[in-house]
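[1] got a predicted structure here, sequence first:
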There are 2 protein chains.
Amino acid sequence: MSSVFPTDSVGLVSPKLAHFNQPLRLACGRTLEQYELIYETYGELNATASNAVLICHALSGTHHAAGFHHPDDRKPGWWDSCIGPGKPIDTNKFFVVSLNNLGGCHGSTGPSSINPKTGQVYGAHFPVITVEDWVHSQARLADQLGIEQWAAVVGGSLGGMQALQWAISYPERIRNCVSIAAAPRLSAQNIAFNEVARQAILTDPDFHAGSFTEQGTIPKRGLMLARMVGHITYLSDDSMGQKFGRELKTDRLNYDFHSVEFQVESYLRYQGEQFSNSFDANTYLLMTKALDYFDPAAKHDGDLTATFANAKANFYIISFTTDWRFSPARSKEIVDALMDAKKNVSYLDIDAPQGHDAFLMPIPRYLQAFSGYMNRISV
Amino acid sequence: MSSVFPTDSVGLVSPKLAHFNQPLRLACGRTLEQYELIYETYGELNATASNAVLICHALSGTHHAAGFHHPDDRKPGWWDSCIGPGKPIDTNKFFVVSLNNLGGCHGSTGPSSINPKTGQVYGAHFPVITVEDWVHSQARLADQLGIEQWAAVVGGSLGGMQALQWAISYPERIRNCVSIAAAPRLSAQNIAFNEVARQAILTDPDFHAGSFTEQGTIPKRGLMLARMVGHITYLSDDSMGQKFGRELKTDRLNYDFHSVEFQVESYLRYQGEQFSNSFDANTYLLMTKALDYFDPAAKHDGDLTATFANAKANFYIISFTTDWRFSPARSKEIVDALMDAKKNVSYLDIDAPQGHDAFLMPIPRYLQAFSGYMNRISV
């Protein structure tokens, strides 16, 4: 069956579930007594477990990063352009682990899961999770899989923040940190966009203070708006212009408020509606808060160089010229701190018109440089 | 009483109401049989009516551009930094007219007005208004005031678009066109942000398809979200950073979704809530559509140079370096077209950190250059 898939695909994959019964103390002060993480693996773990690569996902990502769940799937996992035989994260060389983060809504324990204490959906009662919490939960997944040290922890955007946190929290357990299109902390504007998304959800009458499942509703309007505003920040002005320009949906203007006048409106509404049918609103709030709260230097009086003092990994930092969500300047902050801290760091700013979403795209120069780095990792 | 006001203030001002009984045929194909425009004037019209300046407001602006309505008003009109004795639009020299546009919600006929045909609020039945419609309605106001030709038509953002449209639609009636922080048409990203704002209002259950007044509701949630997302685009990332940074509202993190964690969240929510208490939702939709539809070159196969072919005004185009809503590149498109059309054009890009809102700010270099241009206008 897998013959229908491209030869550089990992082919058919199936998620697995890891159970954790050891309580996890969270940054918010609360404790999760037990939880599950859903994950996929691609490639084979070698005898010394030295070839493992952890993929960390971004805001709306899932464990399904590569390959196909069914022979008739039209779309592969979200980072299939970078994971597979001969691809940057080469599954002929690496054993790749990709999980859905704690608090997610794709199979790991999160707000839409049943709280074993109450027998009810967690909903609004699920604790706020931070990037540090994720890294600790991922470390336990590594323990279960027999992985003492990752050859690399890799991620884009919020995923890149997790990779950085790994290098800070577990310096002995990560040899390479690949942080793509990330930032050392959000700017006021980043937080502002997240706040708009949150308010869209929180003020949706169908949100019911997070207890929408009990009420039999879904805050679709809020989720749609949150996704729409987020989506604008993922694309560059130029890429939106090239994709849609001011092309009209129909030949003439309708002069009303309801009709879809321009292609870009149609695209955004579609994206928003699709998302609102598949994503949990409480998870969305949680993910935006994880972004807002990420600020590893806060524990070091804002000194990012000091923050990286104990890190031992090699760092590969990548940014994209037209990314205005986490601009190249934000990556350079990371690079400067790492260099000041005398760490081994390589930095690449990729000339790409696609904006923040470029990290997901098969951009030749990006794939080539990314491959070059990953190929040099000895396992 | 006016002694309490600064000496460079126009002091106490009172709005006036102009009635129009001649039907106005609109771009959408519909006709307004009658309408009213509320306006203020500052300074004195000279004997030859050669010193009149029209102020065109932006998305949420009003007729109250300068001075104070009451002796105890804490804030003057929205452009008081630029209008008054000795200011760029010097009321010792000019007779300044500032109106609330048709479709507005501050006293001119708009969606929240009573439809004389039905005796009910227009609400959703108010027609969509375009920048061209505004200019035609403003021309009738000029007729009533005995102003054959404006010494200048001046505006920022959407107001700057009206100034450009004046030069195109009424070449004989405008000697100087001052277009600040504007664009010759919206980009796909601009439209996308407007669409998010519209969807926030349209999907608010309290909007009732625009008939919220009849239903006794106000779509406050939608208006708040629309304003929040708009507001982000008015400020530069840097100015937000300088204003708020990542300063916490309280000493420690709350780890929940409802608390205001960062100053920027508090600011945005306050702005959004204030706005939702004072602005009409149907007017907001109308204003965003006027922006989307503005595209004077569309009648000339997209050729902006040809669009300006018959213009006779002198043009003064101003942009601000950190404006990412209508960036300097957009102003340069206007300047290039005007130069190609062999028009008399001056252009100034002001180095200012405040983003799009810079056009409202008392930035010394801006005020100085603006004054210089206005002072050279002979009346």
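    Received the coordinates, thanks.

[2] now the most centrally placed residue in chain A. Nearest residue, chain neighbours left out?
    Central residue check for chain A by C-alpha atoms, centre = their mean: the C-alpha nearest the mean position is that of residue A:58, 1.2 Å away. Sequence neighbours aside, residue A:157 is the residue nearest to residue A:58 in space, at 4.0 Å (criterion: C-beta to C-beta, 6 or more residues apart in numbering or on different chains). All C-beta spots, glycine's among them, are computed from the backbone N, C-alpha and C.

[3] next up, the contacts around that neighbour.
    For residue A:157, the contacting residues are A:58-59, A:180-182, A:325-326, A:356, A:359, taking C-beta atoms under 8 Å, 6 or more residues apart in numbering or on different chains as the criterion.

[4] ok, back up a step: element containing the residue nearest to the centre of chain A?
    Under the assignment given by DSSP states H and E, residue A:58 is not contained in any helix or strand.

[5] for chain A, what spans make up the strands?
    A:16-20, A:24-25, A:31-32, A:35-42, A:52-56, A:83-84, A:89-90, A:95-99, A:114-115, A:120-121, A:152-156, A:176-180, A:314-320, A:345-350 (DSSP state E).

[6] would JSON lines of these with mean neighbour count, distance to chain B and mean pLDDT be doable?
    What follows is the strands of chain A, written out as JSON lines (neighbours: other C-beta atoms under 10 Å in any protein chain shown; distance: least, C-beta to the nearest C-beta, whole Å; pLDDT from 0 to 100):
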{"stretch": "strand A:16-20", "mean neighbour count": "14", "distance to chain B": "21", "mean pLDDT": "98"}
{"stretch": "strand A:24-25", "mean neighbour count": "15", "distance to chain B": "13", "mean pLDDT": "98"}
{"stretch": "strand A:31-32", "mean neighbour count": "16", "distance to chain B": "13", "mean pLDDT": "97"}
{"stretch": "strand A:35-42", "mean neighbour count": "22", "distance to chain B": "17", "mean pLDDT": "98"}
{"stretch": "strand A:52-56", "mean neighbour count": "28", "distance to chain B": "21", "mean pLDDT": "98"}
{"stretch": "strand A:83-84", "mean neighbour count": "28", "distance to chain B": "30", "mean pLDDT": "98"}
{"stretch": "strand A:89-90", "mean neighbour count": "22", "distance to chain B": "32", "mean pLDDT": "98"}
{"stretch": "strand A:95-99", "mean neighbour count": "26", "distance to chain B": "23", "mean pLDDT": "98"}
{"stretch": "strand A:114-115", "mean neighbour count": "14", "distance to chain B": "17", "mean pLDDT": "96"}
{"stretch": "strand A:120-121", "mean neighbour count": "16", "distance to chain B": "16", "mean pLDDT": "95"}
{"stretch": "strand A:152-156", "mean neighbour count": "29", "distance to chain B": "20", "mean pLDDT": "98"}
{"stretch": "strand A:176-180", "mean neighbour count": "28", "distance to chain B": "19", "mean pLDDT": "98"}
{"stretch": "strand A:314-320", "mean neighbour count": "25", "distance to chain B": "15", "mean pLDDT": "98"}
{"stretch": "strand A:345-350", "mean neighbour count": "19", "distance to chain B": "18", "mean pLDDT": "98"}
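
[7] export those strands to a markdown table and append columns for distance to residue A:298.
    Conversion of the strands of chain A to a markdown table gives the following (distance: least, C-beta to C-beta, whole Å):
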| stretch | distance to residue A:298 |
| --- | --- |
| strand A:16-20 | 27 |
| strand A:24-25 | 19 |
| strand A:31-32 | 22 |
| strand A:35-42 | 26 |
| strand A:52-56 | 20 |
| strand A:83-84 | 33 |
| strand A:89-90 | 31 |
| strand A:95-99 | 26 |
| strand A:114-115 | 30 |
| strand A:120-121 | 32 |
| strand A:152-156 | 20 |
| strand A:176-180 | 18 |
| strand A:314-320 | 20 |
| strand A:345-350 | 22 |
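
[8] so which of the ones you listed is nearest residue A:244?
    When the strands of chain A are compared by C-beta to C-beta, strand A:314-320 sits nearest residue A:244, at 19.9 Å.

[9] count the neighbours of residue A:67 for me.
    One way to gauge burial is a neighbour count; for residue A:67, by other C-beta atoms under 10 Å in any protein chain shown, it gives 23.

[10] hang on, it packs against residue A:42?
    Yes: when contacts are counted by C-beta atoms under 8 Å, residue A:67 is listed as touching residue A:42 (6.5 Å).

[11] what do the two both touch?
    Common contacts of residue A:67 and residue A:42, defined by C-beta under 8 Å, 6+ apart, comprise A:10, A:13, A:84.

[12] per-residue pLDDT of the residue nearest to the second one when sequence neighbours are not counted, please?
    Distances taken as C-beta to C-beta, 6+ apart place residue A:67 nearest to residue A:13, at 3.9 Å, with adjacent residues excluded. At residue A:67 the predicted local distance difference test score is 98.

[13] might one say that residue A:225 is in contact with residue A:198?
    No: contact status for residue A:225 versus residue A:198: not in contact, 10.6 Å apart, counting by C-beta under 8 Å.

[14] more neighbours: the two, which one.
    Neighbour totals were compared for residue A:225 and residue A:198, and residue A:225 leads with 29 against 21 (other C-beta under 10 Å).

[15] do you know the pLDDT at that one?
    pLDDT, the model's per-residue confidence, is 98 for residue A:225.

[16] residues touching the residue nearest to it when sequence neighbours are not counted, list them.
    Counting by C-beta to C-beta, 6+ apart, residue A:200 is the residue found nearest to residue A:225 once chain neighbours are left out, at 3.8 Å. Contact analysis of residue A:200 by C-beta under 8 Å, 6+ apart lists A:221-223, A:225-226, A:229, B:200, B:225.

[17] thanks a lot, catch you later.
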